[in-house]
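Asker: my questions concern the predicted model and sequence given below.
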Amino acid sequence: MKFGKVRTPTMPLSDIKIKNLKADEKPYKVSDFEGLFILIKVSGSKSWRFKYRVDGKEKLLVIGDYPAHSLANARKARDAAKALLAQGIDPNEAKQEEKRIREAAKGETFKKLGDAFLSKQRIEGKSKATLDKTEYHLKLANQDFGNKPIKVMSVNRVGKASLNPFMANIVSPHHQEQPYAHRFQPSARRTDRCRFQSTT
C-alpha cells in the first residue's frame, strides 16, 4: 500500500486531533510517538499501527481500528509490544501465538481435561483408592458441566460442585489469564544476539 506524506505533529496526538483527521486521495500516516501512528485510509477509517525493527528489518504491528481502540488503549498496546521487544520477543509472533491458543482453547472442555488428568494419575502410579476417588468426582462434575468450554469455567464452582477442592486443579492452569507480555514468553521467538527497537 502506498501512503501519502507522513504527518508528524509537534505535540502528542489527542482524541480531538484524531477525530478531525479527514480522508485524502491517498492513505496517510499521522505519528504519535515511539513508533505508534494512526493510518487514515481513503475510506476515512482509521487504524492504529506500531512500527518497530527486528534484526534491522522494519515491521508493523496492527493494533486495531479507531475508535474501537482508543488513543489510550493504543499507547498501552505499544508499551506492551515494547516490553516484549525488550525480552527479545517479536510482538507479531506473540500475537499469532495468542490467536493459536484461543483457537485451541475452543475445543477444550472440562470432560476432556478431566480424562487427561485421570490418565496422568494412572501413568504416575497413583493408588487404586486415589484413582477411584478421582473417577468418582469427575463423574459427578461431568454431569453438571462436562461439556462446558474450560475457559468459561469458575475454579471455585468446580471445587464446590465436586465437593473436592483438588478437582479445581483441572481448571486452574487453563482458566487463569496471564498478562500479555508474559503469556507467550516460553514459545515466542527470542534472541540474545539481536537488538530490537521501535522506530519513529
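Answerer: Yep, it's here.
Asker: quick one: the helices in the chain?
Answerer: Listed in chain order, the helices of the chain (DSSP state H) span 15-19, 71-86, 91-105, 110-123, 128-145, 155-162, 168-175, 180-183.
Asker: what does the domain assignment say about this protein?
Answerer: Taking automatic domain parsing as the criterion, the chain consists of the domains 15-102, 110-175.
Asker: tabulate the ones you listed (a markdown table), appending mean pLDDT.
Answerer: Below are the domains of the chain laid out as a markdown table (pLDDT from 0 to 100):
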| stretch | mean pLDDT |
| --- | --- |
| domain 15-102 | 93 |
| domain 110-175 | 70 |
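Asker: mind putting the ones you listed into TSV with mean neighbour count?
Answerer: Where C-beta positions appear, they are placed from N, C-alpha and C, glycine not excepted. Shown next, in TSV, are these (neighbours: other Cβ atoms under 10 Å):
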stretch	mean neighbour count
domain 15-102	16
domain 110-175	15
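Asker: out of the helices of the chain, which gets nearest to Gly44?
Answerer: helix 15-19 (11.5 Å; Cβ to Cβ).
Asker: one step back: okay, the helices of the chain in a markdown table with distance to Lys51 next?
Answerer: Shown next, in a markdown table, are the helices of the chain (distance: least, Cβ to Cβ, whole Å):
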| stretch | distance to Lys51 |
| --- | --- |
| helix 15-19 | 18 |
| helix 71-86 | 10 |
| helix 91-105 | 11 |
| helix 110-123 | 40 |
| helix 128-145 | 45 |
| helix 155-162 | 40 |
| helix 168-175 | 35 |
| helix 180-183 | 19 |
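Asker: I'd like to know which of these lies nearest to Pro27.
Answerer: Using Cβ to Cβ, the nearest of these to Pro27 is helix 15-19, at 15.3 Å.
Asker: got the contact list for the closest one?
Answerer: Contacts to helix 15-19, defined as Cβ atoms under 8 Å, 6 or more residues apart in numbering, come from residues Pro9, Val30, Ile38, Lys46, Tyr66, Ser70, Leu71.
Asker: so which of those residues sit within strands?
Answerer: Val30, Ile38, Lys46, Tyr66 (DSSP state E).
Asker: what's the last one in contact with, if anything?
Answerer: Contacts here follow Cβ under 8 Å, 6+ apart; on that basis Tyr66 touches Ile18, Ile38, Lys46, Ser47, Trp48, Ala74.
Asker: any idea how far the fifth one lies from Phe37?
Answerer: Summarising the geometry, the distance separating Trp48 from Phe37, computed by Cβ to Cβ, to the nearest Å, is 8 Å.
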